[in-house]
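*Asks:* fold the stuff below for me.
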Amino acid sequence: MTSERATVYLVDDDPSILRALARLLRAGGHQVSAFRSPREFLAQHDAAAAGCVVLDLAMPGLNGLELQTALAAAGCQRPIVFLSGHGDVPSSVRAMKAGAVDFLTKPVSEQDLLAAIERAIERDRTMRRARAELQAIGERLNSLTPREREVLQHVVSGQLNKQIAADLGTVEKTVKVHRSRVMEKMGVRSLADLVRMAERVGIAAALRDQNSPDRPSR
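*Replies:* Presented below is the predicted three-dimensional model:
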């Protein structure tokens, strides 16, 4: 995974605040992209690029909370730091419940703002790393043959080779060959690693639900 430099996206309808924030962040070594309205931001920002948003709460046309909702609806998990001109407890609660990193009140201290931005950038890195890992696992899964996927599902459900062979109508030796190929293609060395990888993409959980005694019969 490449170490793409993060961008801090500033969104505020007050030009003076926008300029001041941009100067502060650039002086702190951040890459900055500034927008005077949420709609301008939505139209121009690169959703695939690394970074976070520093977002004013009260803006005409589309406010900060509505922008947060619009990003989520578009599948963009951009970490957000909210700025508000006054203490607004209901809005701050709503923003934090929706995943905001922080909710700061203007005038904000440089230290608090920079600390919040660092947390937001770190969250972005963590989420991107997780998505990249899931994508890599998905590509490995796609490399399996249909029979190898069947063996994988039986293995992570805890079955022994002879049980898998009986279920699939084959011999244990053949199951061992498929199991070895699954381990190789998935890039793991132990059953525990294979199960953890299956947990990451929901295979193990799906099997548990399927085999649960509380699962309604069809």
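
*Asks:* make it CA atoms for all contacts and neighbour counts henceforth
*Replies:* Will do.

*Asks:* give me the pLDDT value at the closest residue to residue 36 other than its chain neighbours.
*Replies:* Counting by C-alpha to C-alpha, 6 or more residues apart in numbering, residue 36 lies nearest to residue 13, which is 4.6 Å off, once chain neighbours are set aside. Predicted confidence (pLDDT) for residue 13: 93.

*Asks:* who's in contact with residue 13?
*Replies:* Residues counted as contacts of residue 13 (C-alpha atoms under 8 Å, 6 or more residues apart in numbering) are 35, 36, 37, 56, 59, 60.

*Asks:* from those residues, list just the buried residues.
*Replies:* Taking 16 or more other C-alpha atoms under 10 Å as the criterion, what is buried in the contacts of residue 13 is 35, 36, 37, 56, 59.

*Asks:* what would those look like in JSON lines with distance to residue 162 and pLDDT?
*Replies:* Shown next, in JSON lines, are these (distance: C-alpha to C-alpha, whole Å; pLDDT from 0 to 100):
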{"residue": "35", "distance to residue 162": "63", "pLDDT": "96"}
{"residue": "36", "distance to residue 162": "65", "pLDDT": "95"}
{"residue": "37", "distance to residue 162": "63", "pLDDT": "94"}
{"residue": "56", "distance to residue 162": "62", "pLDDT": "94"}
{"residue": "59", "distance to residue 162": "65", "pLDDT": "91"}
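
*Asks:* now those residues as JSON lines including distance to residue 124 and secondary structure?
*Replies:* Shown next, in JSON lines, are those (distance: C-alpha to C-alpha, whole Å; DSSP: H, G, I helix; E, B strand; the rest coil):
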{"residue": "35", "distance to residue 124": "20", "secondary structure": "strand"}
{"residue": "36", "distance to residue 124": "23", "secondary structure": "coil"}
{"residue": "37", "distance to residue 124": "22", "secondary structure": "coil"}
{"residue": "56", "distance to residue 124": "19", "secondary structure": "strand"}
{"residue": "59", "distance to residue 124": "25", "secondary structure": "coil"}
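
*Asks:* for the residues you listed, which one is nearest residue 127?
*Replies:* Comparing these against residue 127 with C-alpha to C-alpha places residue 56 closest, at 23.3 Å.

*Asks:* isn't that closest one right up against residue 12?
*Replies:* Yes. Contact criterion C-alpha atoms under 8 Å: residue 56 and residue 12 qualify, at 5.2 Å.

*Asks:* isn't residue 54 right up against residue 8?
*Replies:* Yes. Using C-alpha under 8 Å, residue 54 is in contact with residue 8, at 7.0 Å.

*Asks:* anything in contact with each of these two?
*Replies:* residue 117.

*Asks:* which parts of this protein are helices?
*Replies:* 15-27, 38-44, 64-73, 89-97, 110-142, 146-156, 161-168, 172-186, 191-200, 203-211 (DSSP state H).

*Asks:* just give me the residue right at the centre of the chain.
*Replies:* In the chain, the residue lying closest to the centroid (C-alpha atoms, centre = their mean) is residue 127, at 3.9 Å.

*Asks:* separation between it and residue 76?
*Replies:* Residue 127 sits at a distance of 11 Å from residue 76 (criterion: C-alpha to C-alpha, to the nearest Å).
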